[in-house]
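In: mind looking at a prediction? Sequence and model below.
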Protein chains: 4
Amino acid sequence: MSIQYPLIMVNFKTYSESTGANALAIARYAEQVSKEYGARIAVALQPADILRVTAAVGIPVFAQHVDAEKPGSHTGYVTPESVKEAGACGALVNHSEHRLRLDIIEDTIKRCRSLGLLTCTCANSSLVGKSLAALEPDMIAVEPPELIGSGISVSKAKPEVISESVKAIRSVSRNVRPLCGAGITTGEDVSSSIRLGAEGVLVASGVVKAKDPKAVLIDFAKALHA
Amino acid sequence: MSIQYPLIMVNFKTYSESTGANALAIARYAEQVSKEYGARIAVALQPADILRVTAAVGIPVFAQHVDAEKPGSHTGYVTPESVKEAGACGALVNHSEHRLRLDIIEDTIKRCRSLGLLTCTCANSSLVGKSLAALEPDMIAVEPPELIGSGISVSKAKPEVISESVKAIRSVSRNVRPLCGAGITTGEDVSSSIRLGAEGVLVASGVVKAKDPKAVLIDFAKALHA
Amino acid sequence: MSIQYPLIMVNFKTYSESTGANALAIARYAEQVSKEYGARIAVALQPADILRVTAAVGIPVFAQHVDAEKPGSHTGYVTPESVKEAGACGALVNHSEHRLRLDIIEDTIKRCRSLGLLTCTCANSSLVGKSLAALEPDMIAVEPPELIGSGISVSKAKPEVISESVKAIRSVSRNVRPLCGAGITTGEDVSSSIRLGAEGVLVASGVVKAKDPKAVLIDFAKALHA
Amino acid sequence: MSIQYPLIMVNFKTYSESTGANALAIARYAEQVSKEYGARIAVALQPADILRVTAAVGIPVFAQHVDAEKPGSHTGYVTPESVKEAGACGALVNHSEHRLRLDIIEDTIKRCRSLGLLTCTCANSSLVGKSLAALEPDMIAVEPPELIGSGISVSKAKPEVISESVKAIRSVSRNVRPLCGAGITTGEDVSSSIRLGAEGVLVASGVVKAKDPKAVLIDFAKALHA
């Protein structure tokens, strides 16, 4: 499953609206919008929901987290191998709601790369984004944690976070795609993020908790090419 | 999915031999042996493998771990809801390879119970088993960590751990099923565990890494009723 | 340093008012009130403050936390040995603001006992208190977390938590002293806690953040024998 | 307490030989060698030992770890404020034996800087060293974990780790001092580390567990200027 940019990554979190059968419903919307509007939409799922979605829907599926544990005598971890076998093509790493030790971030990126899985690491500040760039994940999504789920878009409230992050990440590596996120709810938020240099957005409640998730995805998809 | 005792719980861990398509193969053996020998066999899976197995096999499936996070704005956790929707009927909690804070063990047991999921908590000593009994999980599996994966059975090397654990757990609660584990590889290990008072065994490499997992399961199943 | 009951344990936390030179000032008040009123007052300190206080003040000093790491190649941990050498006679274990894995609580209690250090474990509920009783620490302080620092005393808001905890702890072990805490600010809170069966109280902001910490300690000391 | 380079940083870890009264004895040797040979020697101590040493010895003292928790309602943490009041001038951060979340490393560096405390962050690889450089700590000590305590010096076994780390760190920031460590036991190890570009060494067992720690320190001190 190849990824193209700019990318809309929808994080399903552990919301009831996007777990189990509900996860499949929203993933189907994402597939429809993806096809109809030529938009690149990926979804980040709980591990128990991955197979349900990949068996039915043809869009890139990420795990929301993977552990660095290897195949072997380890109990209760989510290995990169297990999510790959279930059909995932990548993983979020170090989301603000699941922060990791620096050495484990390095391990996880290497483990995923060795299996052909993409990594989208998350940063709570442009400085942490710059730090992550040294580890050369595929993507770095910078999200000010105080805006996550706020409905106030980073592109409006703190546009300088996006432009500074893009610059800081690029100063360390040219191989990493900078994304941004937090509070994104409208197509205008998406298009201004991309104008500020982001190669994609990371969204969650803006889609998942919307009254009409498909309508929001259409709004986002149109904005990608605006 | 009701559970009956004495129970053989097979922990698939993150072994290659029991991940993805391989998980399904061993689960099918468990189902066959379960039916042919009237044995009660459950399997504990990685979250990404649960749906693959429950969709095809009619035996009790446990998650190897669940997080206490609730539905909502949480990323990268394995909620009890998600494994329930995938068809699991319970979860291991606090396995020696994934130990938890005491307050989180309490939370996890309550969260699972409220959803109708069974909990099999694990203890590294009879004292910890006694401590867990206060929280009234459905099962407590006591496993001396130094014997896990050793091929030396707890029932041979430390039979007093089993009998003491059963006594300690029962002194605090009569509602909890005491299990034992570590190093169990033969039917004789299973039958002596049950003679010592355990209502089941927790096994992993003894089955999963065996040359012929089905033959081992048959050996165990026969021993249950010996 | 022998401990007698009922006991007032003052947790200095990381408050500015009770760090460094300020820690010594409040500890001196505790010593004065201890002598003048025949009260048993202990203080729980940050590790860097222990020697400063024990070198100058003759009251029982506890660490607020110790790690289970042993002497050896471990960096950045607070070993029981180090706080003992600095003059501490015990440690809080598993405070609500520093919760621990169950197996580590067991280890820490054993490590402390082997060095002659007392342990006061903390529980966020009577059920967790019962669970801790199996591990036989010297004391168990049950504190509903939502009342910590609230100024609303557990003895007023949830007196049943105290009486249930005392009963639950005693049902598992007669060797453990039940304490209570959360929101205690007056002598009346202290005396009603003791009437409900507690053998002491764990207090923090009620003393440390008071305008006149010594006056509060005097109020508490008088209540011990009321 | 100003720091000059090249620097010998002696990590006392939790070794019995360098805890409590023993910590003071080795710190006195360090002070003597420091004065007699004009060497820059700092020591990294357990928090409970800091005041004992700073009260008696005039060399730079670091904490082996500090938590990012602020003054307030937090129990059982080692605040930067508390080690500063005890006389420390800095802290190790993210030692291989006490690894931290990336966002907490960022927080800890900021917290220390705001109090005038120096930070020596530790990295298990040159890539992690590069990542840390983005956060601009005062020093970054790169130590291959498999050589720590091995007696096999990084400067002999993996000299390229030192030169690559220096280069990688400098590519991100010119304000950070690169140190190296792991297996350093002789003056020759120290001088070759410095020739490879390190501005100091981080040592532990090579000094602390030596039959004659003072003789080793003299050997190191002479090598600094060789």
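Out: Okay, I see it.
In: can we go C-alpha only for contacts and neighbour counts from here?
Out: Will do.
In: so A:Ala39 sits against A:Leu217, correct?
Out: No. With contact defined as CA atoms under 8 Å, A:Ala39 and A:Leu217 do not form a contacting pair (9.4 Å).
In: who has more neighbours out of the two?
Out: With neighbours defined as other CA atoms under 10 Å in any protein chain shown, A:Ala39 and A:Leu217 compare such that A:Leu217 has more, 29 against 25.
In: so that one makes contact with A:Val207?
Out: Yes. Taking contacts as CA under 8 Å, A:Leu217 lies within contact range of A:Val207: 6.9 Å.
In: what is in contact with A:Ala39 and A:Leu217 at once?
Out: Any residue near both A:Ala39 and A:Leu217 by CA atoms under 8 Å, 6 or more residues apart in numbering or on different chains counts here, and that gives A:Val33.
In: distance check, the most far-flung residue of chain A relative to its centre against C:His74.
Out: Here the centre of chain A is the reference, and by CA atoms, centre = their mean the most remote residue is A:Ser73, at 29.8 Å. As judged by CA to CA, to the nearest Å, A:Ser73 and C:His74 stand 25 Å apart.
In: following the helix or strand bottoming out on mean pLDDT in chain A, which helix or strand comes up?
Out: Across the helices and strands of chain A, mean confidence by mean pLDDT, DSSP states H and E is lowest for helix A:154-157: a mean of 86. Next along the chain after helix A:154-157, taking DSSP states H and E as the criterion, comes helix A:159-172.
In: that following helix vs helix D:159-172, what angle?
Out: Using axes from the mean of the first three to the mean of the last three CA atoms, to 10 degrees, one finds that helix A:159-172 and helix D:159-172 are set 140 degrees apart in direction.
In: anything in helix A:159-172 near chain D?
Out: Yes. Interface with chain D: helix A:159-172 contributes A:Val172 (CA under 8 Å from any CA of the partner chain).
In: elements contacting that helix?
Out: Packed against helix A:159-172, as judged by 3 or more CA pairs under 8 Å, 6 or more residues apart in numbering or on different chains; DSSP states H and E, are the following elements: helix A:126-133, helix A:154-157, strand A:177-181.
In: not counting sequence-adjacent ones, nearest residue to A:Pro47?
Out: Nearest in space to A:Pro47, with sequence neighbours left out and distances taken as CA to CA, 6 or more residues apart in numbering or on different chains, is B:Ala48 at 4.8 Å.
In: now do the same contact list for the one you found.
Out: A:47-51, A:78, A:82-83, A:86, B:20.
In: before we move on, what about A:Thr121?
Out: With CA under 8 Å, 6+ apart, A:Thr121 has these contacts: A:92-95, A:132, A:137-141.
In: one more: A:Ser205?
Out: Residues counted as contacts of A:Ser205 (CA under 8 Å, 6+ apart) are A:12, A:149.
In: show me the contacts for A:Leu217.
Out: A:29-30, A:33, A:207.
In: tell me which two in the residues you listed are the farthest apart.
Out: A:Val33 and A:Val207 (12.7 Å; CA to CA).
In: overlap in contacts, the two.
Out: The contact sets of A:Val33 and A:Val207 overlap at A:214, A:217 (CA under 8 Å, 6+ apart).
In: so which of the contacts of A:Thr121 comes closest to D:Cys122?
Out: A:Leu132 (16.0 Å).
In: nearest spatial neighbour of the closest one, chain-adjacent residues omitted?
Out: Closest residue to A:Leu132 apart from its sequence neighbours, by CA to CA, 6+ apart: D:Ser131 at 6.2 Å.
In: quick check: the one you found vs C:Cys122, distance?
Out: Counting by CA to CA, the gap from D:Ser131 to C:Cys122 is 38 Å.
In: near chain B, which residues of chain A?
Out: So far as CA under 8 Å from any CA goes, chain A lies against chain B at A:11-16, A:19-21, A:46-52, A:63-66, A:70-79, A:81-83, A:85-86, A:95, A:97-98, A:149.
In: can you list the buried residues in the least confident helix or strand of chain A?
Out: Residues of helix A:154-157 classed as buried by neighbour count (16 or more other CA atoms under 10 Å in any protein chain shown): A:154-155.
In: for that helix, the distance to its chain's centre please.
Out: 18 Å (CA atoms, centre = their mean, to the nearest Å).
In: and the contacts of it?
Out: By CA under 8 Å, 6+ apart, helix A:154-157 touches A:143-144, A:147, A:161-162, A:180-184, A:189, A:192-193.
In: mind checking pLDDT for A:Glu69?
Out: On the pLDDT scale, A:Glu69 is placed at 95.
In: my read is it is in a helix, agree?
Out: No. With DSSP: H, G, I helix; E, B strand; the rest coil as the criterion, A:Glu69 is assigned coil and is not in a helix.
In: residue of chain A nearest chain D, please.
Out: For chain A and chain D, the shortest gap (CA to the nearest CA) falls at A:Arg101, measuring 3.6 Å.
In: just checking, that residue touches D:Arg101?
Out: Yes. Counting by CA under 8 Å, A:Arg101 touches D:Arg101, with 3.6 Å between them.
In: one step back: and the contacts of B:Ala48, which of them are in helices?
Out: If you go by DSSP state H, these have A:47-51, A:82-83 in helices.
In: just those now: which is nearest chain C?
Out: For those, the nearest to chain C is A:Pro47 (24.7 Å; CA to the nearest CA).
In: got a list of what that closest one touches?
Out: Shown in contact with A:Pro47 (CA under 8 Å, 6+ apart): A:63-64, A:78, A:83, B:47-48, B:78.
In: next: A:Gly183.
Out: A:147-154, A:203, A:206.
In: backbone dihedrals for it, please?
Out: phi 80, psi 10 (degrees, to the nearest 10).
In: repeat for A:Leu118
Out: Torsion angles, degrees, to the nearest 10, at A:Leu118: phi -80, psi 150.
In: okay, now it: neighbour count?
Out: Number of residues near A:Leu118 (other CA under 10 Å) recorded here: 21.
In: give me the local confidence score for it.
Out: 98.
In: export the least confident helix or strand of chain A as CSV, just CAs?
Out: Extracted C-alpha coordinates of helix A:154-157, given in CSV (Å, rounded to 0.1, in the frame of the first residue of the first chain):
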residue,chain,number,x,y,z
VAL,A,154,-3.5,24.8,15.1
SER,A,155,-3.5,26.5,11.7
LYS,A,156,-5.6,29.3,13.2
ALA,A,157,-4.4,29.5,16.8
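In: near chain D, which residues of chain A are found?
Out: A:99-103, A:106, A:124, A:127-128, A:130-135, A:172.
In: pLDDT-wise, what's the bottom of those residues?
Out: Within the residues of chain A next to chain D, lowest confidence goes to A:Asn124 (91).
In: which parts of chain A are helices?
Out: For chain A, helices defined by DSSP H occupy the ranges A:21-37, A:47-54, A:80-85, A:102-115, A:126-133, A:154-157, A:159-172, A:187-195, A:205-208, A:213-224.
In: least confident of those helices, on average?
Out: Taking the mean pLDDT of the helices of chain A, helix A:154-157 comes last: a mean of 86.
In: so which of the contacts of A:Gly183 are in strands?
Out: Cross-referencing the contacts of A:Gly183 against strands under DSSP state E gives A:Val203.
In: can I get the contacts of A:Gly183 in CSV with distance to C:Pro6?
Out: As requested, the contacts of A:Gly183 are exported to CSV (distance: CA to CA, whole Å):
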residue, distance to C:Pro6
A:Leu147, 49
A:Ile148, 48
A:Gly149, 48
A:Ser150, 49
A:Gly151, 52
A:Ile152, 53
A:Ser153, 55
A:Val154, 55
A:Val203, 55
A:Gly206, 55
